[in-house]
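Student: task: produce atomic coordinates for the following.
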Amino acid sequence: MSSGPPRSLLVVADDFGIGPNTTAGILHLAGRGVVTGSVLLVNSPYAPDAVTAWRRLGSRLDLGSHPNLTVDAPILPAGRVPSLVGRDGRFWPLGQFLRRWLLGRLDARQIEAEFAAQLQRFLDLVGRPPTLVNTHQHVGLFPPVGEALLTVLRAHRCVPYVRRVREPWRMLLNIRGARIKRGLLNQFGRRLGRRQAALGFPGNDWLAGITDPRWVRDPLFFSRWLQQVPGRVVELVCHPGYADPTLIGRDCNANDGLLQRRVDEQALLERPDFFDAIHRAGFRLLAPAEWLNARERHVHAA
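Tutor: Numbering: from 1, shown residues only. You can find the predicted model right below:
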């Protein structure tokens with residue numbers, strides 16, 4: 001058992017609204033008090049139904065925005081964001097997106113315009129600004145995407161909790177799984193995190209849980225992260241959900257393991273010993289909005 005005052009743990013499920021069974025799995029975990037926040041893909045065709053289901057749950061899930069440039073079609077007409085879409089008018093999948101990024105073929109002004117449209121769509125669906133924000137598939141880490149997002153948030157005077165994608169370097173050695181991907185994201189994430197802090201956007205000290213599909217078959221996967229991650233404010237990122245065939249051809253294919261990964265993470269987070277792991281690591285669960293409110297009270301008291 002960890003000594004001292006409890007640390008804050010935000011358990012954030014990505015991809016709310018991407019598909020009906022994914023949404024159902026996240027809402028089930030929120031109802032059990034496991035997931036404290038989630039982020040909505042507003043351009044998904046399933047987003048309106050997901051928001052309706054979220055409203056039925058009440059206030060037990062803090063819902064934020066998941067700006068996206070790699071799944072489905074943009075909010076804006078394809079002709080207004082030609083560098084972001086293929087001939088079918090849909091966003092480039094992640095691999096093609098990254099190739100275009102490397103070649104300098106993404107227009108920063110178009111990214112900014114699409115993110116502004118997605119923020120407006122969130123406001124229209126949810127009725128309030130997002131209290132937490134992070135980008136789908138971490139595309140915000142790649143310049144100029146992250147800067148475009150921060151510009152849009154500042155223009156709308158929106159100051160949410162913004163995920164900082166960074167972990168201590170020693171954790172790359174201590175925790176197995178996706179080390180090359182984590183190392184790359186960590187390098188970009190540290191740089192963007194400094195920019196977020198400089199602009200006054202609050203966020204986590206460290207992020208836990210980034211991995212690839214095969215590693216979440218380990219029943220102790222999340223527990224090991226929680227036992228080793230330092231910091232006073234930690235976000236545990238997760239991608240739970242029930243089996244959701246609507247994702248095939250949109251966010252994954254039938255054989256890449258990503259569909260099963262969501263099912264495996266759902267099972268891990270439903271394990272009775274997950275709460276025990278949280279307490280042993282000295283954490284208390286908080287929603288991002290709760291943490292923001294506590295942070296604001298602390299600033300005013302100081």
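Student: so where's the longest strand in the chain?
Tutor: When the chain is scanned for its longest strand (criterion: DSSP state E), the result is strand 7-16.
Student: can you name the element that comes right after it?
Tutor: helix 20-31 (DSSP states H and E).
Student: now do that next one: which elements does it pack against?
Tutor: If you count contacts as 3 or more Cβ pairs under 8 Å, 6 or more residues apart in numbering; DSSP states H and E, helix 20-31 packs onto strand 7-16, helix 47-57, helix 258-270. In this view, the C-beta of every residue, glycine as well, is placed from N, C-alpha and C.
Student: buried stuff in the second one?
Tutor: In this case it means helix 47-57. For helix 47-57, burial by neighbour count (16 or more other Cβ atoms under 10 Å) applies to 47, 50-51, 53-54.
Student: next, format the residues you listed as JSON lines and append pLDDT and distance to N68.
Tutor: Below are these laid out as JSON lines (pLDDT from 0 to 100; distance: Cβ to Cβ, whole Å):
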{"residue": "A47", "pLDDT": "98", "distance to N68": "11"}
{"residue": "A50", "pLDDT": "98", "distance to N68": "14"}
{"residue": "V51", "pLDDT": "97", "distance to N68": "16"}
{"residue": "A53", "pLDDT": "97", "distance to N68": "19"}
{"residue": "W54", "pLDDT": "97", "distance to N68": "18"}
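Student: ok, so of those residues, who is nearest P6?
Tutor: Of all those, W54 has the smallest distance to P6: 27.5 Å, by Cβ to Cβ.
Student: other residues contacting stretch 247-263?
Tutor: Under the criterion Cβ atoms under 8 Å, 6 or more residues apart in numbering, residues 15, 18-19, 22, 25, 71-72, 212-214, 216, 239-245 lie in contact with stretch 247-263.
Student: so how far is the longest strand of the chain off the chain centroid?
Tutor: Taking Cα atoms, centre = their mean, to the nearest Å, one finds the center of strand 7-16 at 8 Å from the center of the full chain.
Student: just checking, what packs against the helix or strand bottoming out on mean pLDDT in the chain?
Tutor: Across the helices and strands of the chain, mean pLDDT, DSSP states H and E gives its lowest value to helix 288-301, namely a mean of 82. For helix 288-301, the packing partners by 3+ Cβ pairs under 8 Å, 6+ apart come out as strand 7-16, strand 62-65, strand 161-162.
Student: now these as CSV including distance to R179?
Tutor: Compiled in CSV, these are given as follows (distance: least, Cβ to Cβ, whole Å):
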stretch, distance to R179
strand 7-16, 21
strand 62-65, 28
strand 161-162, 25
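Student: in CSV, list those strands along with mean pLDDT and distance to R109.
Tutor: Output for those, formatted as CSV (pLDDT from 0 to 100; distance: least, Cβ to Cβ, whole Å):
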stretch, mean pLDDT, distance to R109
strand 7-16, 98, 27
strand 62-65, 97, 20
strand 161-162, 98, 21
